[in-house]
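with the input below, show me the fold.
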Amino acid sequence: MSIFASFLFFVTWNTIMPNLVKAQQNPLALLENSVARTTNQSLFWGTYRPNLYFGTRARLPESLLTGLMWFGVDDSTKWQHIRHACDQGDDMAEYSYKKHNGRSFAMQTLTDEENNVTLKTEFLKVLGGDNGGNWGVRISGIPTNQGKSSRLSLLYYIGLQGEGSLELNNKLTSEGLSDPILLKGDSPELGRFSIEINDGPNNKIPSTIPSEVNPIPDLHKTQYWGHLVPDDDMWRAKEYVSGQISLNVENKLAENSTRPLPYWLTLRNTVREDSNFFVFQKIVEAPFQFDIYFNSDSSPTNLDASRLTSGLESSSRDFDERFERTFGLLKKGFNIKQIRIAKLSLSNLIGGIGYFYGSSIVDRSYTSEVDEDEINFWDRVPEPEPRLTPPAVLFTATPSRPFFPRGFYWDEGFHQLLIGEWDNDLSLDIIRHWTSLIDSDGWVAREQILGEEARSKVPARFQTQYPHYANPPMILMPIKAFLERLAKHKNVEHISNDDETEEHNLDINNFVSTTDPALLPDRHLIDKRLSKAFLQRVYVKIKSNYRWFKRTQRGEIKAWGRHATNGKEAYRWRGRTPGHTLTSGLDDYPRPTPPHPAELHVDLISWVGFMARTLKDIALALNEDDDAEDYEDDYNNIVANLQDLHWSENDKAFCDLSVNENDESVFVCHKGYISIYPMLLNLLPNDSPKLGAILDLIENPEELWSPYGLRSLSKSDEFFNTGENYWRGPVWININYLTLSCLFKNYAVVPGPYQTRAQKLYRELREIIINNTVEQYGRSGFLWEQYSAINGEGLRSHPFTGWTALITLIMAEIY
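Below you'll find the model as predicted:
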């Protein structure tokens, strides 16, 4: 492990695990220490390489990495298209986790029609010992078309980063390795461990290979290659493998070899003495199966085929039972097909969770004096000064495994609404990681592109982050959801309470029982003191981020002759360019053209109001009464200014503002998602006439209503379905979810003049969203980034199981 990585691991570990001496003096610290240790053990290993079709790693800056590759061997060109990283260009018919519980079990299927194989990957983790326990992987495959053969090269690689050793214990021969394959290794963080790879009993080599062929290599055996690979290069595993196979092909061509094609496509069966990276290759004809077992020497019991089989079966049953307990879709009358889609929505969001470590690129040449206040400010930028930051760690869900396999700040808020409902403490762990990235100034990068592997998926022009660019603070919504879950648990008997007297007389011997892994998903709900400690930590960070928002995204009122209740509460997204406001999350949504420093943005002031109200709720939960009063004042001023500044009586809509050629303030109204933000974030009273106008806008088929959900831009707008057509018409599940949420929790239940309309709108919108999402999955095999407002078809990235996975909550009516 590098010196910096060792330091970061030390700091991270000691941030999570308070100093034991202090803990012994403070029972609460000891409790936090114990729970954090058990949580880390529970989450230590996982499928945390979401950009790959399948891979595992530990939550360590430098880890043991594994991954799966495959290609067909009945065609001389297929080896040039090795499957490894998720890629829409691979034209996979489908790949999705059918079940994933986020901690110990996952089952995925992948259908590769070009190679006529349907793969299944199964993952099981068994806790025990001091190093995250043991885990097993089962990889199997059958022909997609049973009438045709499926002949494949399967490659599974294992690499150890950082300090330690990894040795292959089998007898090395030019023919290949006999089963079982055994590696032994050790590292400071993992201790001593072994890895075993076993063939299934019915595996066979391709039937096209004649028996009289010279058995060197022997394709009945496992082919192999071991090499010393730099830690930072291990993610390029496919390039290393391609290079080895390419070399073998060149050699066979030079020899004028007449051997069957599979012999051309094998590894070299060589191992360097100091290897830290091993690839194992099996040439098979489907059906096939092989198992991988990782066993820590610190664990009391090893994992083997029998335990893996029984563990997978019981975990699959447990998942189904827990899913119904959590979401109750059978009780709501959903059919098996609909429930299956809800399960895979949840499972793929969880399967998209990754552990990322590395530097990002930040340009800090924009100082506090650079405020985009000049005309044509987007052309008056300083000379770029992008710099690599010190490495950082992030544990996060991701929007799309093939296209967006990294952390996005506003997406993550939506992700955690679903993950939090499934596993409260897993969600809190992810939120804690995100809030830890808020710097001393209160800024957090809207995209976390950590390390070269993450940057390989991002065009260079989008890699640099700027510390005056914001992003919607959606991360507060799952924190608010956590507060609501806490309220539901208020009548539950807690393992401990927050009475100060009892807190200092707790029986330390009982702490072991309070860290039972079965309790971990709800541990912070069960114990009030843990929940309070979590809120205190994130509150400091979110409070800093709120102040940063108010300072850096401020807009001008008096300078452009505007009048409002409060002279300060007005906001403008920085980072605007002609045609785009990437920082808003609504990239190409029409805004004033050209951009102007006089602009005010209705969605941004709504977000800041939402922040103020949520921070007030957190402050009250922490008995920070003075802070709560300040947030209440801010909120009231923001809501007043929202009405004073952004409501256009002529347009009957909330609108952005800019100035005309005479520098007079004018409304710029492009009716769509930004127009309904005041309702989405519950900033409007239930009896407000403006609420009625928003409902009119939503219900009108010439405006936002479509048979497939709410359009992002009004059908009547001049920019509807034009240009990139990203946020200019298509239906997005996240905004439709927010619409349903505010109706279900507020406007359809609280008495008012629009309650009946809100109830009807809720029922109809929920129905069409569910129906179209299910229909498009049935048609294509994928959940999509967005859906056409014209015909409902899925559009752009797929699978997109980030916020589109909210369909599960919509079905369950959990908002």
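
what about Arg591, neighbour count?
24 (other CB atoms under 10 Å). Where C-beta positions appear, they are placed from N, C-alpha and C, glycine not excepted.

what's the answer for Gly164, then?
19.

ditto for the one 4 residues further on
Counted with other CB under 10 Å, the burial measure for Leu168 works out to 20 neighbours.

would you mind measuring from the residue nearest to it when sequence neighbours are not counted to Leu68?
Counting by CB to CB, 6 or more residues apart in numbering, Leu168 lies nearest to Leu183, which is 5.5 Å off, once chain neighbours are set aside. Counting by CB to CB, to the nearest Å, the gap from Leu183 to Leu68 is 16 Å.

likewise Trp422?
Taking CB to CB, one finds Trp422 at 26 Å from Leu68.

ditto for Asn660
From Asn660 to Leu68 the distance is 59 Å (CB to CB).

the residue nearest to Leu168 contacts Gly159, correct?
No: between Leu183 and Gly159 there is no contact under CB atoms under 8 Å: 10.9 Å.

of these two, who's got more company?
Between Leu183 and Gly159, counting by other CB under 10 Å, Gly159 is the more crowded of the two (24 against 20).

tell me the contacts of that one?
Leu64, Leu65, Thr66, Leu166, Val229, Met234, Ala237, Asn276, Phe277, Phe278 (CB atoms under 8 Å, 6 or more residues apart in numbering).

which one among those gets closest to Pro386?
Comparing these against Pro386 with CB to CB places Met234 closest, at 25.1 Å.

shouldn't the closest one be within a helix?
Yes: assessed with DSSP: H, G, I helix; E, B strand; the rest coil, Met234 lies in a helix.

grab the nearest non-local neighbour of it.
Spatial nearest neighbour of Met234, excluding adjacent residues (CB to CB, 6+ apart): Gly159 at 4.6 Å.

any idea how far that neighbour is from Leu64?
For Gly159, the distance to Leu64 - CB to CB - is 7 Å.

and for Phe377?
Taking CB to CB, one finds Phe377 at 48 Å from Leu64.

kindly report the same for Lys221.
According to CB to CB, Lys221 and Leu64 sit 24 Å apart.

residues contacting Glu447?
Going by CB under 8 Å, 6+ apart, Glu447 touches Arg406, Gly407, Phe408, Tyr409, Val458, Phe462, Gln465.

so what's the second one bridging to?
Looking back up the chat, that one is Gly407. Going by DSSP bridges, Gly407 is paired in beta bridges with Gln448.

ok, it touching Ile353?
No: under the criterion of CB under 8 Å, Gly407 makes no contact with Ile353, lying 10.2 Å away.

need the residues touching each of these two.
Looking at what touches both Gly407 and Ile353 (by CB under 8 Å, 6+ apart), the common residues are Thr396, Ala397, Thr398.

who wins for neighbours among these?
That'd be Ala397 among the shared contacts of Gly407 and Ile353, by other CB under 10 Å, with 29 neighbours.

which residues touch that residue?
Contacts of Ala397 by CB under 8 Å, 6+ apart are 349-350, 352-354, 407, 411-412, 415-416, 419, 430, 802.

quick one: buried ones out of those residues?
By neighbour count, with 16 or more other CB atoms under 10 Å, these hold 349-350, 352-354, 407, 411-412, 415-416, 419, 430, 802 as buried.

picking up where we left off before, filter the contacts of Ala397 down to just the ones in strands.
Gly354, Gly407 (DSSP state E).

let's have the contacts of Ala397 in a markdown table, adding pLDDT and distance to Ser788.
Output for the contacts of Ala397, formatted as a markdown table (pLDDT from 0 to 100; distance: CB to CB, whole Å):
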| residue | pLDDT | distance to Ser788 |
| --- | --- | --- |
| Leu349 | 98 | 23 |
| Ile350 | 98 | 28 |
| Gly352 | 98 | 24 |
| Ile353 | 98 | 29 |
| Gly354 | 98 | 30 |
| Gly407 | 97 | 28 |
| Asp411 | 98 | 21 |
| Glu412 | 98 | 26 |
| His415 | 98 | 24 |
| Gln416 | 98 | 28 |
| Ile419 | 98 | 28 |
| Ile430 | 98 | 32 |
| Gly802 | 97 | 19 |
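
can you flag which of the contacts of Ala397 belong to helices?
If you go by DSSP state H, the contacts of Ala397 have Leu349, Ile350, Asp411, Glu412, His415, Gln416, Ile419, Ile430 in helices.

ok so, going back, turn the buried ones among the contacts of Ala397 into a markdown table, columns for distance to Glu664.
Shown next, in a markdown table, are these (distance: CB to CB, whole Å):
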| residue | distance to Glu664 |
| --- | --- |
| Leu349 | 47 |
| Ile350 | 52 |
| Gly352 | 48 |
| Ile353 | 50 |
| Gly354 | 50 |
| Gly407 | 42 |
| Asp411 | 38 |
| Glu412 | 40 |
| His415 | 43 |
| Gln416 | 43 |
| Ile419 | 48 |
| Ile430 | 47 |
| Gly802 | 42 |
